[in-house]
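Enquirer: one predicted model, sequence on top.
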Amino acid sequence: MLSIIKSITLHGLEGFIIDVQVDVAGGIPCCDIVGLPDVSIRESKERVRTAIKNSGYEFPSRRIIINLAPATIKKEGSAFDLPIAVAILMASGCIKMFNYEKTIFLGELSLDGNINSIKGILPMCIEAKKLGIEKIIVPKDNAKEASIVSEIQVIPVVSLNQVISYLNGQTPISPVQFNFQHINENNFNYNLDFSEVKGQKNIKRAIEVAASGGHNCMLIGSPGSGKTMMARRIPTILPNLSFDESLEVTKIHSIAGNISSDNPFIINRPFRSPHHTISKTSLVGGGKIPKPGEISLAHYGVLFLDELPEFDKSTLEVLRGPLEDGKITISRLNAVLTYPCKFMLVASMNPCPCGYYGSDKECNCSSQAIKKYIGKISGPLLDRVDIQVEVSNVKYENLNSSDEEENSEKIRKRVEEARKIQLERYQKIGIFSNSELTPKLIEKYCKLDSKCEKILEKAFEKLGLSARAYGRILKVARTIADMEKSENIQASHLLEAIQYRSLDKKYIG
Ligand SMILES: Nc1ncnc2c1ncn2[C@@H]1O[C@H](COP(=O)(O)OP(=O)(O)OP(=O)(O)O)[C@@H](O)[C@H]1O
Ligand SMILES: [Mg+2]
Ligand SMILES: [Zn+2]
């Protein structure tokens, strides 16, 4: 007897329906899986055999051929356990023969017949719906996540026995429905807030400018000056994620297996802070069983590279393309995958090897040692950082003060206003913020009057700014003008933007 059960597999975020075809026939007992399965799926055979036996059914001792079609698509992971078991039980007569044209099955079997959760449920369901699927049988622990996709019926299952009796019409199972009201009520639940950062007015202002224009930024300061503390709070002042953005973020984290079964919908902007020893693969994604890297996990949020000079230069080089394109393409033997990665880059560094250059404590680094230290940062990466600010230690009187600091929500409201102006201005050209302006667009949107031109010329002469600073200053000045709802860039905007080139001024220029 031949039976066919549908399932789905992902390449990147793209889904492909897979037919699990099982033929049980007379002949020498054997069980073969064909159709480009990887090792993890070949192991599935043993799990399925044991799970069926331990669920009280007989594993047919006949000739069993399992074909995963189409054979051209590489399949991996353990999600095919359940569809394979169901197809075998159907072909051997334990489950009523039925044509499940619009239903897919997903789940990993444990040896006792229980069904374990799998990774990537949300993108699988989204793709399944696109491909015309109406019902999906999933592990109970994945059900809430699956139910985020509306108009698809989600049937939660815990064991193979339950699936058998459900398909035979003996035990009904109610579909799981997602409570979107719940999300709206909980919109915004960062546990951090900018009001916890005392003083540091200038740095907070620089960070607000960065958030307002989507600019990458670098915080330079001595140990303990609060760089990490402030960076962690940047997501709290970025505009709230839209529903579609949340969905995209959740999809990526689903593939990485980072979704909690109780609270599967990610509504906070991500903050990722990989250690400086991170490998290229973990940073940008890939690997034997491909996974999104830190840059994709930071999608629509903040990627924080703490202690930037400690990172391997060649590791940082791989960020160039993704920073430019907002996506990363990973080539593999049988496939090419793409993951999105639009993030705000925030980096931190000490001003010198000992960390205390320019602070109250004594620094005993030679100017050569300092140059070498700064030189460790990749130039192309630095080219993509619009704002560089020096963070000095918070003053005691600020730390001690009982003055109330502005909270994140208030700052975020202003950021949202500035972003709205940019969205409107750029809606026809397909960019979202000033940070994305190309040299040509800078010419068009960041025009200076003659007074401002003179200021900029002087600044270049006096501070010895590098050519790479030019476009960056104009973009940041545009953002500051937008924050003040000013149509044109004015002298004060330009002067502030020039201040955000600490590295050029001090060390390189
Ligand atoms: N402006 C501030 N207001 C309140 N607390 C602060 C402030 N600045 C620093 N702190 C306190 O100092 C601690 C150390 O700050 P943080 O770890 O952010 O410094 P850092 O600049 O990242 O240092 P390092 O170079 O060692 O990583 C914070 O956890 C916080 O408790
Ligand atoms: Mg730190
Ligand atoms: Zn030093």
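Expert: Nice, I can see it. Numbering: from 1, shown residues only. Ligands and ions are numbered 1, 2, ... in the order given.
Enquirer: interface residues of the chain facing ligand 1?
Expert: Taking Cβ under 6 Å from any ligand atom, the part of the chain that reaches ligand 1 is made up of 197-200, 221, 223-229, 350, 394, 399. Backbone N, C-alpha and C define where each C-beta goes, glycine included.
Enquirer: in helices, which of those fall?
Expert: The helices, defined by DSSP state H, take in K227, T228, M229, L399 from the residues of the chain next to ligand 1.
Enquirer: filter the residues you listed down to the buried ones, ChimeraX style.
Expert: Selecting the buried subset of those in ChimeraX, with 16 or more other Cβ atoms under 10 Å as the burial test, is done by:
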select :227,229
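Enquirer: neighbours around S466, how many?
Expert: 17 (other Cβ atoms under 10 Å).
Enquirer: that's a helix at Y339, yeah?
Expert: No: following the definition DSSP: H, G, I helix; E, B strand; the rest coil, Y339 is strand and is not counted among the residues of a helix.
Enquirer: show me just the buried residues among the residues of the chain next to ligand 1.
Expert: Of the members of the residues of the chain next to ligand 1, the ones counted as buried by neighbours, 16+ other Cβ under 10 Å, are V197, K198, G199, Q200, G221, S225, G226, K227, M229, N350, V394.
Enquirer: which residues are in contact with D360?
Expert: Residues touching D360, when contacts are defined by Cβ atoms under 8 Å, 6 or more residues apart in numbering, comprise N393.
Enquirer: element containing it, please.
Expert: Per DSSP states H and E: D360 is located in neither a helix nor a strand.
Enquirer: ok, now L345?
Expert: Since the elements are taken from DSSP H and E, L345 ends up inside strand 344-349.
Enquirer: for that strand, packing partners?
Expert: Counting contacts by 3 or more Cβ pairs under 8 Å, 6 or more residues apart in numbering; DSSP states H and E, strand 344-349 packs against helix 201-213, strand 217-221, helix 227-232, strand 302-305.
Enquirer: please pull up the helix or strand immediately following it.
Expert: Taking DSSP H and E as the definition, the helix or strand that follows strand 344-349 towards the C-terminus is helix 367-375.
Enquirer: which parts of that next one are buried?
Expert: Of all the residues in helix 367-375, those buried under the rule 16+ other Cβ under 10 Å are I370, Y373, I374.
Enquirer: nearest residue to the residue of the stretch 1-150 of the chain found nearest ligand 3 other than its sequence neighbours?
Expert: Distance from ligand 3 to each residue of the stretch 1-150 of the chain (Cβ to the ion) is smallest for G12, at 44.7 Å. Counting by Cβ to Cβ, 6 or more residues apart in numbering, L337 is the residue found nearest to G12 once chain neighbours are left out, at 3.5 Å.
Enquirer: please report how far that neighbour lies from N116.
Expert: Between L337 and N116 the computed distance is 24 Å (Cβ to Cβ, to the nearest Å).
Enquirer: okay, now the unreliable bits of the stretch 51-200 of the chain?
Expert: 181-188 (pLDDT under 70).
Enquirer: if we can go back for a sec, mind listing residues that contact the strand holding L345?
Expert: Contacts made with strand 344-349 from outside it, assessed by Cβ under 8 Å, 6+ apart, are listed as 210-211, 214-221, 227-228, 231, 234, 238, 301-309, 319, 323, 377, 384-385.
Enquirer: what of stretch 75-83?
Expert: The contact list for stretch 75-83, computed with Cβ under 8 Å, 6+ apart, reads 5-7, 9, 18, 20, 35-38, 40-41, 43-44, 47-48, 51, 68, 104-109, 115-116, 118-120, 124, 137, 157, 160, 163, 289.
Enquirer: try 6 Å this time
Expert: Stretch 75-83 has contacts (Cβ atoms under 6 Å, 6 or more residues apart in numbering) with 5, 7, 9, 20, 37-38, 40-41, 44, 47-48, 68, 105-109, 118, 289.
Enquirer: can you give me the end-to-end distance of it?
Expert: Stretch 75-83 stretches 13 Å from its first residue to its last (Cα to Cα, to the nearest Å).
Enquirer: residues contacting the one residue in the stretch 1-150 of the chain that gets nearest to ligand 1?
Expert: Across the stretch 1-150 of the chain, no residue is closer to ligand 1 than K119, which sits at 32.8 Å (Cβ to the nearest ligand atom). Residues counted as contacts of K119 (Cβ under 6 Å, 6+ apart) are I255, G257.
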